[in-house]
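Q: whatever this is, show me its structure:
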Amino acid sequence: MLRIFQEAERDLVLWDVVEEHLDEAAFACRLFSGAFDSPVLTLSDLREHDEKQLRAHLAGLLAPGPSAVTRLLQGELAAPPEPDPDRLLAVAFALLAHGRDDLVTLALGSAVAEISSAAQRACELAAGPAFDAWVLRQLDSPRPEVPRKRLLRVAASRNLVLENVLEALQSDDADEAAAAAACARLAPAQRHLFALEWALDHPAAQVRDAALVSALAHGSAQAFQRCRERASDPQQVSQLAMLLVALLGGPVDHQVLQHNLTLETHRHAAAFALGYCGQAAVADTLIEALASPDVRLAKLVGEALCTLLGLDPGQGGYRSARSESEPSSLPPLEEEDLDASLEPVPDADLPLLGKAAVGDWYRARQPDLAVTQRLLEGAPWTIDQAVRFLERAPLRRRHPIGLWLSIRSGGALRIDTRATSVVQDAQLASLVASRDEKLKVRFSRW
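A: Modelled structure (predicted):
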């Protein structure tokens, strides 16, 4: 009798509507994932628009109950005909909401990269405490059910504390070693710092970068020296090293970044980094670069001035009247790059600011700026100011502040700037409540 009732219930479900919810959830996942690198959208925009739409369509996938899992979602995640990362992420989210962690963790071990990556991202964002306990048990097992690199990446993202990742740090698999290096940020320093400093010269860039951040969080002077070396290397561009030098270094270090503005290969990364140097002394250099014929550079230094000094491009007549140098006609077919990505570049959303107007604003504002303190949006760079910035700044400009908090507090303070707004709101509230206790850890300069 129960089976007859369940079959009748399934027949009442409008499956074409449910599948439409899946299509819309996939599109919402694409917007949601891309929003984190937006130079204009804020945490409030994420909460009220992209994330709100995603939650609404996931609710539609929950409406049919367990039958949605067996009839639609399970097959989509197990063996999609053409793997679509956004659709797979939506399916994984829906399965977690249905309480089917088992199916999502099974997908973590899939040989199809799109499936395992989607499952990993869903677990990072939406799994619960029971999943965290499962990850820790798996990492303690000599033969985990899924690749260790996936478990370590999820553990790092979810801020799980691991006592020993030395073996994984020395793995021949660069992805596993990089994930272990990220986890080592919260692992005991006395056990892991030597291995992290050894990994600073690892042949794989992702391992070097993860080791660099974790070693800095443990207070490694050697790691900061590597930052200086990489930021000043004229042959190789290290966006991370330049950003870390801006966040953690002093005026002498920032002169290197100003020099990098003159190098065609380095100037875009240097412009973004200089927004986080906290030194009003670099403002003249940035304002001068607003007149650059390189429109992308001009936009990036405008963004840096907003971060550094608090300029609001939406107030007053700060926008430039000059053209953004768009081509007047299509290039000849034989000259067109047919392999070029058609995805919009986030920098394109930045306003192009006028050198004269911004210069006048800065000269009027300059007497009120503190010259002996680091600045963030024109105010002294304190924890409270960093929190205010995290609450209101465009999403991509928040990532360096999250990085700064983690490193400066030795990992004690953390805001995951790529998490859902629900998670970030909770982390911000916790940060405000506990910052005084946790900041006794370390706020020195190398």
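Q: look up how far residue 87 lies from the residue lying closest to residue 84 once chain neighbours are set aside.
A: Leaving out its chain neighbours, the residue that sits closest to residue 84 by CB to CB, 6 or more residues apart in numbering is residue 26, at 6.6 Å. To be clear about C-beta, it is placed using only N, CA and C from the backbone, and glycine gets the same treatment. Residue 26 sits 4 Å away from residue 87, going by CB to CB, to the nearest Å.
Q: how about residue 108?
A: 17 Å.
Q: quick one: low-confidence parts of the stretch 101-250 of the chain?
A: Scanning the stretch 101-250 of the chain for pLDDT under 70 picks out no residues.
Q: wait, residue 105 touches residue 131, no?
A: Yes. With contacts counted by CB atoms under 8 Å, residue 105 reaches residue 131, the gap being 7.4 Å.
Q: shared neighbours, the two?
A: Counting by CB atoms under 8 Å, 6 or more residues apart in numbering, the shared contacts of residue 105 and residue 131 are residue 123.
Q: more neighbours, those two?
A: Under the neighbour definition other CB atoms under 10 Å, residue 105 and residue 131 were set side by side, and residue 105 has more, 22 against 17.
Q: helix or strand right after the helix or strand hosting the more buried one?
A: Taking DSSP states H and E as the definition, one finds residue 105 inside helix 101-108. Once the chain leaves helix 101-108, the next helix or strand it forms, by DSSP H and E, is helix 113-126.
Q: pull that following helix out as CSV, backbone CA atoms only.
A: Extracted C-alpha coordinates of helix 113-126, given in CSV (Å, rounded to 0.1, in the frame of the first residue of the first chain):
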residue,chain,number,x,y,z
ALA,A,113,37.7,15.7,-12.9
GLU,A,114,34.6,17.8,-13.4
ILE,A,115,32.6,15.5,-11.0
SER,A,116,35.2,15.3,-8.3
SER,A,117,35.8,19.1,-8.5
ALA,A,118,32.1,19.9,-8.2
ALA,A,119,31.7,17.5,-5.3
GLN,A,120,34.7,19.1,-3.5
ARG,A,121,33.4,22.6,-3.9
ALA,A,122,30.0,21.7,-2.7
CYS,A,123,31.5,20.0,0.4
GLU,A,124,33.6,23.0,1.1
LEU,A,125,30.6,25.3,1.0
ALA,A,126,27.6,23.3,2.2
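Q: buried residues in it, which are they?
A: Neighbour-count burial for helix 113-126, counted by 16 or more other CB atoms under 10 Å, picks out 114-126.
Q: still on that earlier bit, who has more neighbours, residue 108 and residue 87?
A: Taking other CB under 10 Å, residue 108 and residue 87 do not tie; residue 108 has more neighbours (25 against 22).
Q: okay, now residue 202: neighbour count?
A: So residue 202, with other CB under 10 Å, has 19 neighbours.
Q: distance of it from residue 16?
A: Remark: distance between residue 202 and residue 16 (CB to CB) = 51 Å.
Q: report pLDDT for residue 69.
A: With respect to pLDDT, residue 69 scores 88.
Q: my read: it touches residue 102, true?
A: No. Using CB under 8 Å, residue 69 is not in contact with residue 102; the gap is 10.6 Å.
Q: the two: who's more crowded?
A: residue 69 (21 against 10).
Q: chain neighbours aside, what residue packs nearest to residue 120?
A: residue 150 (5.4 Å).
Q: that neighbour: how many residues sit nearby?
A: Taking other CB under 10 Å as the criterion, the count of residues near residue 150 is 24.
Q: what's the helix or strand hosting it in contact with?
A: Under the criterion of DSSP H and E, residue 150 resides in helix 148-157. Identification of contacts with helix 148-157 by CB under 8 Å, 6+ apart yields 108-109, 116, 120, 123-124, 127, 135-136, 138-139, 144, 162, 165, 168, 171, 173, 175-176, 179-180, 182-183, 185, 416.
Q: how far does the next helix or strand after it sit from the chain's center?
A: Counting by DSSP H and E, the element after helix 148-157 in chain order, helix or strand, is helix 166-169. Per CA atoms, centre = their mean, to the nearest Å, the displacement of helix 166-169 from the mean C-alpha position of its chain is 25 Å.
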